[in-house]
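> Pasting the sequence and the predicted coordinates here, then a few questions.
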Amino acid sequence: MEPPGVLSQQQQQSSSTAVQPRGDGERFLPQQHSLQQFSNPRSPPPTTVTTMAAASVQQIPTAAAATSQPHHNRLQLSTSLSASHSAGSHQSLLTTSPSANNQLGGGGGNVQTGIERLSRPMAFDKMEGLVREMQDPEAGVPVRSQKLFLTSIPSAFMGYDLIEWLMERLGIEESEALNISNQLCMHGYFFPVSDTKTLVVKDDSSLYRFQTPYYWPWQQKAPDQIEYAIYLAKRSLRNKQRHGLEDYEAEALASLHKNLKGKWDFITMQAEEQVRLAKERKKGDKIVGDSQERAYWRVHRPPPGQFTPLESCPIPSRDRQGKPRKRTVEDWQREVEILKASLGRNRVKMSQACECNVAYYETFSEYDPMMNPPLPSNPWVTEDVSFWQMNGPVVEVPTEKRVKRWGISIEEVVS
C-alpha cells in the first residue's frame with residue numbers, strides 16, 4: 001500500500017494536466033496504521049508524504065523503501081524526470097522515518113526541535129507516561145474486542161476498568177480518578193467509541209478506545225486549514241449515513257472551499273486518493289482508523305461553544321510603543337483649561353437626572369428607616385434589640401425584606 005497523499009505512477013501520468021499545489025509546504029494527515037499495529041501502541045501511522053511538483057514523475061519510491069532507510073529524522077529524495085518531460089522539473093518528497101518516530105516520545109509524532117521541546121509543557125510528559133502504563137499489555141487497562149448486542153467493537157475498553165486501574169495505580173479515590181480520566185480524554189489520549197459529540201468518561205460499561213500516539217497532543221505542529229479541508233472533503237465523499245458531516249463541519253467545509261479556492265483541485269485529488277486507499281483496507285482497520293481520526297479533529301476543531309484544553313490562553317502584550325514623553329508646562333496648562341471648561345458643561349440632562357432620583361427613591365424608600373418605621377421596632381427608641389439580631393451580618397434565617405432587597409442588584413447581595 002502506498003503512503004497516503006501519493007498517487008500511483010499511472011494516476012500521475014493520467015493527471016499530469018491537473019492543477020498542482022504551490023510550493024508552500026503543505027502537510028497532510030496520513031491514514032492510520034493497520035489493526036495489527038494496535039497491539040503495539042508506539043507504532044506510528046504510515047509515512048507522511050508531501051507532493052510539490054509541477055509535472056508528473058517517472059518513478060516514486062514505495063512506502064516499504066521509505067521505511068527501510070536508516071534512522072534519520074528527515075530524508076529528502078529528489079527524482080529527475082525522463083527526457084520526454086521537461087528537464088528542469090523535479091519531484092521533492094519530504095518523508096519522516098518511522099524508526100526516528102519510535103525513538104522520540106514512544107513512537108508518536110514528528111521530530112521536535114530543541115525550542116519546541118522547551119515550549120512543551122511538562123504536564124504532557126506525565127500524561128503520556130501514565131497513558132503508556134495504561135497500554136501495557138500485561139499490567140495495563142484490559143483492551144479487547146467488546147461485544148455489543150450483535151456487533152463486535154475492536155480495540156476497546158470499559159470505563160469502570162479505567163477508573164479501577166487509576167484508583168489502584170495511583171492510590172486515589174473514585175472522584176479523583178474520574179477527574180484524571182476526564183482530563184486525559186479531553187486532551188485526546190483516548191475517546192468514547194459511540195459518543196462522538198462529547199469527551200466525557202463515565203464509570204460504567206461505556207466503551208472507549210486509545211488514541212494512536214501519532215495523534216497525541218504536542219507530538220507535531222498544530223494542523224493547518226489544508227489538512228482540515230482534506231479531512232472534510234474525504235468524509236463528504238464517503239457514506240453519508242456513517243461519515244456524514246455535522247452542521248458546523250458543513251459550514252466549515254463551505255468556508256474552506258471559498259478561502260482555498262486556488263488549491264481546491266489539489267485538496268479534492270488528495271481526498272479522493274485517501275478514499276481509494278481506505279477501500280483497500282480491512283474492515284477492522286477502517287473502523288479503528290476512522291474513529292481515531294475523527295477524535296483527533298474533535299479535539300483540534302471542536303464544535304462551536306465546546307471547550308478544548310489545547311487552545312492557548314491569550315497573553316496580554318506588555319510592549320509599549322516607545323518611551324512615554326515627559327509632560328511640559330504647556331501640557332499641564334492645556335489640561336487645566338480643559339478641566340475648567342468641563343465644569344460648566346452638563347453631563348446629564350435635568351429630566352434624566354430627575355427620573356433617576358425618583359426611581360431610586362421608589363426602590364429604596366421602603367428600606368429607609370427615616371421613611372418607614374422598622375419592624376418589629378426601632379431599637380434606638382424602644383430599647384428592643386430584636387431588629388439588630390434579625391438583621392445581623394450572619395443569621396440562620398434572613399428576613400423577607402432582606403431577601404427582597406437582594407433581588408434589586410448584585411451590589412445588595414455582596415454588601
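That came through fine.

> pLDDT weak spots in the stretch 51-200 of the chain?
51-118 (pLDDT under 70).

> Report the buried residues of the helix or strand in which L253 is found.
Secondary structure assignment for L253, by DSSP states H and E: helix 247-259. Residues of helix 247-259 classed as buried: 249, 252-253, 256 (neighbour count, 16 or more other C-beta atoms under 10 Å). From N, CA and C alone the C-beta is placed, and that goes for glycine too.

> avg pLDDT for that helix?
Averaged across helix 247-259, pLDDT comes to 92.

> which residues are contacting that helix?
225, 228-229, 232-233, 235-236, 245, 264, 301, 303-304 (C-beta atoms under 8 Å, 6 or more residues apart in numbering).

> Could you do stretch 165-181 as well?
The contact list for stretch 165-181 (C-beta under 8 Å, 6+ apart) reads 133-134, 140-141, 159, 162-163, 201, 203.

> Return the lengthiest helix in the chain as CSV; C-alpha atoms alone will do.
The longest helix of the chain (DSSP state H) is helix 283-300. Extracted C-alpha coordinates of helix 283-300, given in CSV (Å, rounded to 0.1, in the frame of the first residue of the first chain):
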residue,chain,number,x,y,z
LYS,A,283,-12.9,-3.6,7.9
GLY,A,284,-11.4,-3.5,11.4
ASP,A,285,-8.6,-1.2,10.3
LYS,A,286,-11.1,1.2,8.8
ILE,A,287,-13.3,1.3,11.9
VAL,A,288,-10.5,2.0,14.3
GLY,A,289,-8.7,4.4,12.0
ASP,A,290,-11.8,6.4,11.2
SER,A,291,-12.7,6.7,14.8
GLN,A,292,-9.2,7.9,15.8
GLU,A,293,-9.0,10.5,13.0
ARG,A,294,-12.5,11.8,13.9
ALA,A,295,-11.5,12.0,17.6
TYR,A,296,-8.3,13.9,16.6
TRP,A,297,-10.3,16.6,14.8
ARG,A,298,-12.9,16.7,17.6
VAL,A,299,-10.1,17.9,19.9
HIS,A,300,-8.4,20.3,17.4
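
> Quick check: next helix or strand after that helix?
Toward the C-terminal end, the helix or strand that comes next after helix 283-300 (DSSP H and E) is helix 329-343.

> domain ranges for the chain?
Using automatic domain parsing, the domains assigned to the chain come out as 9-108+216-300, 123-211, 347-414.

> Just send these back as CSV, with distance to P309 too.
Listed next are the domains of the chain as CSV, based on distance: least, C-beta to C-beta, whole Å:
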stretch, distance to P309
domain 9-108+216-300, 9
domain 123-211, 5
domain 347-414, 30
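
> Please identify which of the ones you listed is closest to C313.
Closest to C313 of the domains of the chain, according to C-beta to C-beta: domain 123-211, at 14.2 Å.

> Quick one: end-to-end distance for that closest one.
With C-alpha to C-alpha, to the nearest Å applied, domain 123-211 spans 18 Å between its terminal residues.

> coming back round to it: buried subset of the contacts of stretch 165-181?
134, 140-141, 159, 162-163, 201, 203.

> So which of these is the closest to V414?
Among those, V201 lies closest to V414 (C-beta to C-beta), at 36.7 Å.

> Name the nearest residue to that closest one, sequence neighbours excluded.
S181 (4.2 Å; C-beta to C-beta, 6 or more residues apart in numbering).

> Number of residues surrounding that neighbour?
For S181, the tally of surrounding residues (other C-beta atoms under 10 Å) stands at 23.
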